[in-house]
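> Okay, sequence plus prediction incoming.
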Amino acid sequence: MAHGYTLFIDESGEAGIARVRDAEQPGASPYMTMGAVIVPNAHLDSLSECLESVKKTIGKQELHCSNLKHFELLFFAKSMAKEKVRFFGAISKKKTLGPYKTAIKDNPRKYYNKCAQYLLERVGWFMGNRSLMPHQLDIVFERANVDYDALANLIRRCQDSPLHESTKQLRNISADRIYSIEKNEHPALCIADLVAHALYKCVDKTERNFGIVEPRYLRELSPRFFGNPETAKALGAGLYCVHSVRDLELEDEAAQLFHSMTPE
């Protein structure tokens with residue numbers, strides 16, 4: 001494990017799709033985002049030390065994004081953008097699900113697992129681009145009301161019979177190395193939370209925010225996203241929109257950021 005990598009994954013928003021919140025009815029969040037960070041195992045200890053330093057600086061016992069104020073989040077994001085890591089994210093607007101929603105009978109677990117598949121395809125691309133083997137990556141989800149065995153089986157089916165070129169990238173990861181742990185079991189999970197939160201704030205137009213989105217957290221993290229090796233763009237590589245930026249119906253500022261992200 002010392003010479004491999006660990007991927008930490010978390011989500012923001014709910015996976016529920018049967019009843020989605022809008023101006024006329026309550027329900028689950030209209031979007032769901034997934035965020036991930038891949039860390040060389042040799043760097044895990046120093047990364048944990050960095051996270052302790054961030055907590056000490058902002059005066060928090062834990063780095064849970066929902067409990068952090070604006071400038072605390074900015075400091076957290078700026079600090080993580082300096083680390084030896086790469087970020088990945090996926091974002092989905094539920095009202096674009098169309099026939100797929102009916103096909104899975106509004107099952108939130110199947111929706112969650114499909115979003116996870118899209119995210120892991122991008123991670124597989126990263127692995128293949130660096131000639132890394134599947135056994136060199138542990139995949140760690142923050143534990144939620146998710147069927148992780150079903151997720152692993154979905155990945156195996158996709159590996160056996162990929163329907164798209166992007167799905168073939170899943171052959172670069174191992175479904176046998178998918179785990180879930182509680183939030184407090186590893187400090188790096190809070191970074192995945194940060195990435196998911198940063199993406200969600202690009203689409204979060206609730207009343208408490210006065211309908212104003214906040215892309216700056218993502219802008220601070222953007223240098224460390226995985227970029228397309230040919231174009232250097234994060235969009236379509238480390239950042240995946242289901243199934244396009246247009247489908248997300250982003251505000252202009254967020255859309256421009258998504259298109260302009262060119263990681264270092």
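On my side now, so go ahead.

> Can you report how many residues lie near A28?
Residues near A28, counting by other C-beta atoms under 10 Å, number 17. Glycine gets a C-beta too; all of them are placed from N, C-alpha and C.

> how close does it sit to K84?
36 Å (C-beta to C-beta, to the nearest Å).

> Could I get the buried residue list for stretch 165-173?
For stretch 165-173, burial by neighbour count (16 or more other C-beta atoms under 10 Å) applies to 166-173.

> end-to-end on that stretch?
Stretch 165-173 has an end-to-end distance of 15 Å (C-alpha to C-alpha, to the nearest Å).

> What are the contacting residues of that stretch?
Residues from elsewhere that reach stretch 165-173, judged by C-beta atoms under 8 Å, 6 or more residues apart in numbering: 117, 120-125, 127-128, 132, 134, 137, 139, 155, 158-159, 162.

> From the residues you listed, keep the buried residues only.
117, 120-125, 127-128, 132, 134, 137, 139, 155, 158-159.

> Looking at those, which are in strands?
137, 139 (DSSP state E).

> What is the nearest of the buried ones among the contacts of stretch 165-173 to T102?
Closest approach to T102 among the buried ones among the contacts of stretch 165-173 (C-beta to C-beta): Q117, at 18.9 Å.

> Any figure for the gap between the closest one and H64?
26 Å.

> Y100 now?
Using C-beta to C-beta, Y100 is found at 32 Å from H64.

> Name the spans of this protein whose pLDDT lies under the cut-off.
1-2, 207 (pLDDT under 70).

> the longest helix in this structure is where?
helix 108-129 (DSSP state H).

> Can you show me the helices along the stretch 101-250 of the chain?
Assigned by DSSP state H, counting those that start in this stretch, the helices in the stretch 101-250 of the chain fall at 108-129, 148-160, 189-200, 216-221, 245-248.
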